[in-house]
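**Student:** Sequence below, structure please.
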Amino acid sequence: PSGRPQGALGAALQHSWQVSCSLYEPPVFTETAYLHAYRRYRASLSAKELAAFAALFHWRFKNAEALDESTGHLLPNALLWKLSKGRPASAGEVRRQLGHSACLAHRYAAELAQIIAQSEAQAAHVAQQ
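**Tutor:** Just a heads-up that it's a prediction; the model follows:
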């Protein structure tokens with residue numbers, strides 16, 4: 001033999017080598033990127049909820065990139081959806097909706113409440129036009 005492990009260990013090492021040689025391409029943010037995530041839920045949101053979802057999605061992407069964290073670690077999709085549906089108005093309400101999750105979003109509860117409030121104001125303004 002050539003000195004390489006055989007069997008399951010050899011296969012695992014070969015797969016590991018292939019993965020490590022692949023090029024990571026970070027996600028690219030676009031103004032409509034939130035729609036792709038929204039469609040995966042196969043559920044609907046009201047106009048205000050969708051505005052909150054879009055604003056939170058944008059916030060998550062921008063901050064995850066700045067913190068060099070994954071978007072899922074900052075605010076997982078399920079919690080992004082939950083905040084969009086619940087539209088909490090205060091930092092305390094945001095923390096209650098986040099529950100005991102290990103995500104980093106707890107640190108930004110006040111900012112998230114403000115983003116949701118701003119998205120509601122924008123949705124109301126668009127609806128009046």
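
**Student:** When you work out contacts or count neighbours from here on, use the C-alpha atoms and nothing else.
**Tutor:** Fine.

**Student:** who's in contact with residue 119?
**Tutor:** Applying C-alpha atoms under 8 Å, 6 or more residues apart in numbering to residue 119 gives the contacts 48, 51, 52, 55.

**Student:** now could you export just the CA positions of the lowest-mean-pLDDT helix or strand in the chain as PDB?
**Tutor:** Lowest mean confidence among the helices and strands of the chain (mean pLDDT, DSSP states H and E): helix 33-40, at a mean of 81. Provided in PDB are the C-alpha atoms of helix 33-40 (Å, rounded to 0.1, in the frame of the first residue of the first chain):
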ATOM      1  CA  ALA A  33     -32.300  38.500  -1.000                       C
ATOM      2  CA  TYR A  34     -34.900  38.400   1.900                       C
ATOM      3  CA  LEU A  35     -37.500  37.100  -0.600                       C
ATOM      4  CA  HIS A  36     -35.600  33.900  -1.200                       C
ATOM      5  CA  ALA A  37     -35.600  33.200   2.600                       C
ATOM      6  CA  TYR A  38     -39.200  34.300   2.800                       C
ATOM      7  CA  ARG A  39     -40.300  31.800   0.100                       C
ATOM      8  CA  ARG A  40     -38.700  28.900   1.900                       C
END
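
**Student:** First-to-last residue distance for stretch 64-82?
**Tutor:** 19 Å (C-alpha to C-alpha, to the nearest Å).
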